[in-house]
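Asker: got a predicted structure here, sequence first:
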Amino acid sequence: MGYRLAACAEMLFTDLPIAERVRRIHERGFLVEIWDWSTKDLAALAATGAEFSSMTGYLRGDFTSDAGRAELLATARESLRAAEIIDVPRLNLHGTGLGEGGIPVVPRESVGGEDWIRAAATLRELAELGAAAGRTFVLENLNLAVDHPGTPFARAADTLALVRGVDHPNLRLNLDLYHAQIGEGNLIALVREALPWIGEIQVADVPGRCEPGTGEIRYEAVAAALRELGYAGVIGMEAWASGEPEAALDAFAAAFAG
């Protein structure tokens, strides 16, 4: 298989300190993903020897309001500096800042034409920041029905339209297939359409957001399609363990084995 597998330290081994979670995932041979870097001792994470795949690329802000754009760009610059400490290649973005439980700080599902123009301009600025730092920002699709109600630019179709429209090598998709299954479905066709703009793929099963094999998505078929397409990026399991974390990692690896 040409792709590499990663696992999210925020959702596995949750009874352990974050550095130990990172170490456990690394020892299993997976890349590591984290969320909010500002709450973590990045030097301690770097000391684990783990290879990191992605982390959150901002702390606050949004794509369209004047104040939100300023906050987003400022905290993206902070995130790029933090990324140097643990050498994270990809920094994750959402349509707006998310608060407790993944709920948007300022809910706003409906956006107009001017909002799309401003969002694209903001993402273009972020891409230029990423290019100067040698890193890539990735825009993640989310679902509105279960986890992130009220988030603008959330659907996979929206994120793809924005990334395709900006068309910059330092802005790519973080195509989350868990969210896409809830919001849109038709995952293999979605992957085929989005392939030129994908920077990373994230997975979890539906319902429950646990490891592959616990729900309705046939990830073995998705994996076969990705191999057929020649996808050579990262596939990250951003999922809760339905039982023991080690067993969840085993199930993930088995679903995507070549």
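Answerer: Ah, there it is. Numbers count the residues shown, from 1 in each chain.

Asker: surely Phe171 and Leu129 touch.
Answerer: Check again: residue 171 is Leu, not Phe. No - with contacts counted by CB atoms under 8 Å, Leu171 stays clear of Leu129, the gap being 10.1 Å. Where you see a C-beta, it was placed from the backbone N, CA and C, and this is true even at glycine.

Asker: which one's more surrounded, these two?
Answerer: Set side by side, Leu171 and Leu129 show more neighbours around Leu171, with 27 against 19, by other CB atoms under 10 Å.

Asker: next, the contact list for that one, please.
Answerer: 123-124, 126-127, 130, 136-139, 163 (CB atoms under 8 Å, 6 or more residues apart in numbering).

Asker: the same query, at a cut-off of 7 Å, please.
Answerer: Neighbouring residues of Leu171 by CB atoms under 7 Å, 6 or more residues apart in numbering: 123, 126-127, 137, 139, 163.

Asker: switch those residues over to JSON lines; also include pLDDT and neighbour count.
Answerer: Converted to JSON lines, the contacts of Leu171 look like this (pLDDT from 0 to 100; neighbours: other CB atoms under 10 Å):
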{"residue": "Leu123", "pLDDT": "98", "neighbour count": "23"}
{"residue": "Leu126", "pLDDT": "98", "neighbour count": "27"}
{"residue": "Ala127", "pLDDT": "98", "neighbour count": "20"}
{"residue": "Phe137", "pLDDT": "98", "neighbour count": "28"}
{"residue": "Leu139", "pLDDT": "98", "neighbour count": "27"}
{"residue": "Val163", "pLDDT": "98", "neighbour count": "26"}
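
Asker: check those and tell me the two furthest apart.
Answerer: Leu126 and Val163 (11.1 Å; CB to CB).

Asker: make sure Thr48 is indeed in a strand.
Answerer: No - counting by DSSP: H, G, I helix; E, B strand; the rest coil, Thr48 falls outside a strand, being coil.

Asker: now for it, how many residues are close by?
Answerer: Other residues close to Thr48 by other CB under 10 Å number 21.

Asker: sweet, I'm off.
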